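>>> pasting the sequence and the predicted coordinates here, then a few questions.
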Amino acid sequence: MGIYRTTRNIEASIIDFLTSKMSGNWDNVEVTRVWDEVRKLTLPVVLIRCGTTLHNPVEVGGNSTWREPIIAIDIFASGDGQRLDLKDFIISEIKGGCPYYIYEIENRAIKSKTLSGRIRVTNIDDDPINFDLDKDIVDKYENYRHLISLTVATGKVES
């Protein structure tokens, strides 16, 4: 048995949170963290991934830091209206933050999760991804894509 480290705990916590919020509000929206799976799934698909992470020092001369990861939420929709509605729904749900869990894994599967605080969202940026090309020649997964970038924090000092 093992546990996920901080980055994977943040990704998994956000995936769990958004998956539960989608249930009952959106039919057939897949939420994943694996880029290669996106094109194997039926639209709409939401991809969660951790990008750049800042490790800000807590004090001068110490090794302790505050982690500030940028979480990228890519929305791959089947139409422009769906893209806009999904984008607004996700932002309205995530802007208040979400529970932060520590995940225990066994045989590459999540065995259990333990609540360990809260993920706070400190900044949100949302941008449509537009290639300025005819929709007929662009891959269907790229036609109605949107990127939400979240700056988040767990409030935990890391040694």
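Good, I have the coordinates.
>>> for stretch 54-73, buried residues please.
Buried residues in stretch 54-73, defined by neighbour count with 16 or more other C-beta atoms under 10 Å: Thr65, Arg67, Glu68, Pro69, Ile70, Ile71, Ile73. Glycine gets a C-beta too; all of them are placed from N, C-alpha and C.
>>> among those, which are in helices?
In helices, judged by DSSP state H, none of these are found.
>>> can you put those in a markdown table and add pLDDT and distance to Glu142?
Below are these laid out as a markdown table (pLDDT from 0 to 100; distance: C-beta to C-beta, whole Å):
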| residue | pLDDT | distance to Glu142 |
| --- | --- | --- |
| Thr65 | 96 | 36 |
| Arg67 | 96 | 31 |
| Glu68 | 97 | 29 |
| Pro69 | 98 | 25 |
| Ile70 | 98 | 21 |
| Ile71 | 98 | 21 |
| Ile73 | 98 | 16 |
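>>> which intervals of the chain have sub-threshold pLDDT?
Scanning the chain for pLDDT under 70 picks out 131-137.
>>> and stretch 151-159, what's buried?
In stretch 151-159, counting by 16+ other C-beta under 10 Å, buried: Thr151, Val152, Ala153, Thr154.
>>> re earlier: for Gly24, state which of the buried residues of stretch 54-73 is nearest.
Ile73 (19.5 Å; C-beta to C-beta).
>>> measure the closest one to Ala12 for me?
Here Ile73 is placed at a distance of 14 Å from Ala12 (C-beta to C-beta, to the nearest Å).
>>> show the subsequent helix or strand relative to the longest helix seen in the chain.
For the chain, the helix with the greatest residue count under DSSP H is helix 6-22. Later in the chain than helix 6-22, the nearest helix or strand by DSSP states H and E is strand 30-32.
>>> and the helix or strand that that next one is followed by, how far out from the chain middle?
Going down the chain from strand 30-32, the next helix or strand is helix 35-38, by DSSP H and E. The chain centroid and the centroid of helix 35-38 are separated by 14 Å, computed with C-alpha atoms, centre = their mean, to the nearest Å.
>>> in the chain, what residue spans correspond to strands?
Assigned by DSSP state E, the chain shows strands spanning 2-3, 30-32, 45-57, 65-77, 98-106, 109-129, 144-153, 157-158.
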